[in-house]
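Q: 3D, please:
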Amino acid sequence: MSVETFNPIETGVRMSAAAVAHAQRQLTRAGAQAVRLGVKNSGCSGFMYQVDYVIEPEADDVEFAVADDLSVFVSQEALPLVRGTEIDLVTEGLNSVLKFRNPNAAVECGCGESFAV
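A: I've put the predicted structure just below:
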């Protein structure tokens, strides 16, 4: 890929198999159709991930099909901050948590809740 052929939408958002299974269970309970990944100004590093259920996509959302029956929507505004991110479900002891592997994050806080680019 070169600068001339780079398309940020092609460098989408991905989910591990564990995260997909978790999201599908949560969506079934909530009666939602998809997941929205966004960011908000918060945390000690500047931005915090925000995951919401999607009943109806927003007009500026970009859709990433992460499984046959699961999509992640990202707003055009948040896309530069999260493009290329992989969402994983990590289990440590009795706790499970979504982890975000974001190639755009230059710095993450110690607790992993926020990031800066």
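
Q: for the chain, which spans come out with low pLDDT?
A: Counting by pLDDT under 70, the chain contains low-confidence residues at 1-10, 43, 45, 110-113.

Q: where do the strands sit along it?
A: In order along the chain, the chain carries the following strands (DSSP state E): 14-15, 34-42, 46-54, 61-67, 70-75, 86-92, 95-101, 107-108, 114-116.

Q: Could you provide those in TSV, with additional columns for distance to Leu27?
A: Every residue, glycine included, has its C-beta placed from N, CA and C. Shown next, in TSV, are the strands of the chain (distance: least, Cβ to Cβ, whole Å):
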stretch	distance to Leu27
strand 14-15	12
strand 34-42	7
strand 46-54	7
strand 61-67	11
strand 70-75	8
strand 86-92	14
strand 95-101	14
strand 107-108	27
strand 114-116	25
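
Q: Make JSON lines out of the ones you listed and add mean neighbour count and distance to Ala23.
A: Supplementary listing: these in JSON lines, determined by neighbours: other Cβ atoms under 10 Å; distance: least, Cβ to Cβ, whole Å:
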{"stretch": "strand 14-15", "mean neighbour count": "20", "distance to Ala23": "7"}
{"stretch": "strand 34-42", "mean neighbour count": "18", "distance to Ala23": "5"}
{"stretch": "strand 46-54", "mean neighbour count": "17", "distance to Ala23": "9"}
{"stretch": "strand 61-67", "mean neighbour count": "17", "distance to Ala23": "8"}
{"stretch": "strand 70-75", "mean neighbour count": "21", "distance to Ala23": "6"}
{"stretch": "strand 86-92", "mean neighbour count": "15", "distance to Ala23": "8"}
{"stretch": "strand 95-101", "mean neighbour count": "14", "distance to Ala23": "9"}
{"stretch": "strand 107-108", "mean neighbour count": "14", "distance to Ala23": "22"}
{"stretch": "strand 114-116", "mean neighbour count": "20", "distance to Ala23": "21"}
